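Asks: Next come a sequence and a model predicted from it.
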Amino acid sequence: MSIQLTFLGTSCSTPTSERNLSSMALTFRGNWFLFDTPEGVQQRLMQTGMSYLKLEHIFISHFHGDHTLGLPGLLATMTIHERQTDLHIWGPREIFDKVKQALALGDFFPSFKIIPHEIQEGVLVSHKEYQISAVELNHSCKCYGFIFQAQSKEGEFQRAKALKLKIPMGPLWGKLQKGETIVVSGKKYTPEMVMDYSKAQRGARIAYIMDTFPHTHYIDALKGTDILIHESSFLESEKERAIEVRHSTAKMAGEIAKRAGVKQLILTHFSPRYPNGNEMKKEAQMAFKNVVVAHDLMQMETEERYSTASDKKTREVKRKK
């Protein structure tokens, strides 16, 4: 199975005729998650065919308008279409007030329960198949990046060996797979007797990093990441402006990818002053070679797990237009 990334917008500050404001959807095993809700996000979602009635979690990196102004309309549309299931909205402190303001601005009563969550660093959502965590960034306001981690597979259970050892099927097999030692008829059985650990697989790790100036704190959190989606608001010629407004240049993004040891870097969140990402890619590649420049509605796929035996190899990522 694979994880799919869909870039719903790639511009920062203001949209352009080709680019909507930055936002991304991540799809995994029938679930999907929305990161940031700028104006225009509804139309982009309609173009992808993803149903916002099936969306369970929205993650808002910070409250600047180019990341949030689409929220009132999105919630209103969900109500018009009679959504019934709960919706979890994650955001920095004041998220409870921001959700109330969004409902007041739209002047409607939602048909479903909205559950706001204030982001704290660490694990936000823990599921048996995945985990989503937050790391604080270095912006002009409270801002967070998000890291998606698919569940790892510790090894492969050898059914034939378990049957040969006459270990009863059922909960005892599950305990062995979890690494527990069991006792059957007075005899001890260890996981190593039935597990093939050479077939262990590491869950894919994907990071979504928006408005920030490079900082050791979040770079450390990115280590072990397969795909890094990082903002690239400016070229080096505008470095002083980037420092002033706490954003990153393309070269800085490349340097971060190199320092964190990621496998692939995807650049997004471009200033409207740049018509395309060609120069962004060149500057990022001065520090890190495996760079992709995102464009609106671009889709990418990556495997949900990788063999631990091939961790040092570059991951193949399938890109769609």
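Replies: The structure has been received and is ready for your questions.
Asks: Quick check: end-to-end length of stretch 210-225?
Replies: 16 Å (CA to CA, to the nearest Å).
Asks: so how far is it off the chain centroid?
Replies: Remark: stretch 210-225 is offset 14 Å from the chain centroid, using CA atoms, centre = their mean, to the nearest Å.
Asks: And for it, what's in contact with it?
Replies: Contact partners of stretch 210-225, identified using CB atoms under 8 Å, 6 or more residues apart in numbering, comprise 12, 22, 36, 61-62, 64, 67, 135-140, 143, 145, 147, 205-207, 209, 228, 231, 233, 242-243, 246-248, 252, 255-256, 259-263, 269. Placement of C-beta: from N, CA and C, glycine included.
Asks: what do you get for stretch 174-187?
Replies: For stretch 174-187, using CB under 8 Å, 6+ apart, the contacting residues are 154, 157, 162, 166-168, 172, 188-191, 193-195.
Asks: as a whole number, average confidence for it?
Replies: Averaged across stretch 174-187, pLDDT comes to 89.
Asks: Could I get the contacting residues of L34?
Replies: Residues in contact with L34 (CB under 8 Å, 6+ apart) are S23, M24, A25, V41, Y52, L55, H57, I58, F59.
Asks: Any idea what it is bridged to?
Replies: When bridges are called by DSSP bridges, L34 pairs up with A25, I58.
Asks: And the pLDDT at it?
Replies: 98.
Asks: Same check on V317?
Replies: pLDDT, V317: 48.
Asks: Does Q201 touch A150 like I think?
Replies: No. The pair Q201 / A150 is not scored as a contact, 9.4 Å apart, by CB atoms under 8 Å.
Asks: So for these two, which residue has more residues nearby?
Replies: Shown here are Q201 and A150; by other CB atoms under 10 Å, A150 has more neighbours (24 against 20).
Asks: Could you find the closest non-adjacent residue to the more buried one?
Replies: With CB to CB, 6 or more residues apart in numbering as the criterion, A150 has its nearest non-adjacent residue at 3.5 Å, and that residue is G203.
Asks: contacting residues for that neighbour?
Replies: Y130, Q149, A150, Q151, S152, K153, E304, R305.
Asks: S152: how many residues sit nearby?
Replies: Neighbour count of S152, defined by other CB under 10 Å: 14.
Asks: now the closest residue to it other than its chain neighbours, which residues is it bridged with?
Replies: The shortest distance from S152 to any non-neighbouring residue, by CB to CB, 6+ apart, is to G203 (4.3 Å). G203 forms beta bridges with R305, as assigned by DSSP bridges.
Asks: any idea how far G203 lies from Q264?
Replies: From G203 over to Q264 the distance is 16 Å, taken as CB to CB, to the nearest Å.
Asks: what does V183 give?
Replies: V183 is 46 Å from Q264, by CB to CB.
Asks: Compare the two and say which is more crowded by neighbours.
Replies: Applying other CB under 10 Å to V183 and Q264 shows that Q264 carries more neighbours, namely 22 against 9.
Asks: beta partners for the more buried one?
Replies: I227.
Asks: same thing with the one 4 residues further on?
Replies: Under the criterion DSSP bridges, T268 forms beta bridges with E231.
Asks: Enumerate every residue touching it.
Replies: Taking CB under 8 Å, 6+ apart, we find T268 in contact with F7, T10, S22, M24, I229, H230, E231, S232, A294.
Asks: And the furthest pair within those?
Replies: M24 and S232 (14.0 Å; CB to CB).
Asks: out of the two, which sits in the more crowded spot?
Replies: Higher neighbour count among M24 and S232: S232, with 32 against 24, using other CB under 10 Å.
Asks: these two touch, right, the more buried one and A250?
Replies: Yes. Between S232 and A250 there is a contact at 4.4 Å, judged by CB under 8 Å.
Asks: what do these two both touch?
Replies: Residues touching both S232 and A250 (CB under 8 Å, 6+ apart) are L267, M280, A284.
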